[in-house]
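Q: pasting a predicted model and its sequence here:
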Amino acid sequence: MAKQFTLGKRERLKSRKQIERLFTEGKNFPVSPFRIYYFVSPLITVSVSNLQFGAGASGKNFKRAVDRNRVKRLIRESYRLQKNQLHEVVKEKKLQLQIFFIYTGKELPAFNTVKEKVGVILNKLIKIVDENNTPRA
């Protein structure tokens, strides 16, 4: 079966409650020019996707909504193309991972820059999920 490069409705982080819990209880780390918030929990229901994702850009740094939307679109596209390896790890460990990317840079990025940084971030998240959730014998 071919890999699916989609970002469906169930994979998007939309619920205000989930986003607030992610920011209050979740952990975060910086990878310039991003700040990544993540929350790992055991998978409770099958109706929710194992991997949920959201993206944001500051209105303080980008006054025009067009610019904020472009940054978010670039983040979503680069995430969509590279998420499969992280999705497999999360699925294998029977976990639910919620991720939120916040772009903290001051100027509009190029797609290649965003794609490279998102790749670094996803590899770091794979390591975090592997280290923190390996069964101890």
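A: On my side now, so go ahead. Every value quoted in this text rests on a predicted model; they were computed, and no experiment measured them. Residues are numbered from 1 along each chain as shown.

Q: show me the contacts for residue 33.
A: Counting by C-beta atoms under 8 Å, 6 or more residues apart in numbering, residue 33 touches 103-105, 109, 117. Glycine gets a C-beta too; all of them are placed from N, C-alpha and C.

Q: just the buried subset of those residues, please.
A: 103, 105, 109, 117 (16 or more other C-beta atoms under 10 Å).

Q: by contact count, what packs against the helix or strand bottoming out on mean pLDDT in the chain?
A: Lowest on mean pLDDT, DSSP states H and E among the helices and strands of the chain sits helix 84-92, with a mean of 89. Helices and strands touching helix 84-92, as assessed by 3 or more C-beta pairs under 8 Å, 6 or more residues apart in numbering; DSSP states H and E, comprise strand 51-57, strand 95-103, helix 111-132.

Q: and the most centrally placed residue in the chain, how close does it get to residue 107?
A: Nearest to the mean C-alpha position of the chain, by C-alpha atoms, centre = their mean, lies residue 99 at 3.6 Å. Separation of residue 99 from residue 107 (C-beta to C-beta, to the nearest Å): 24 Å.
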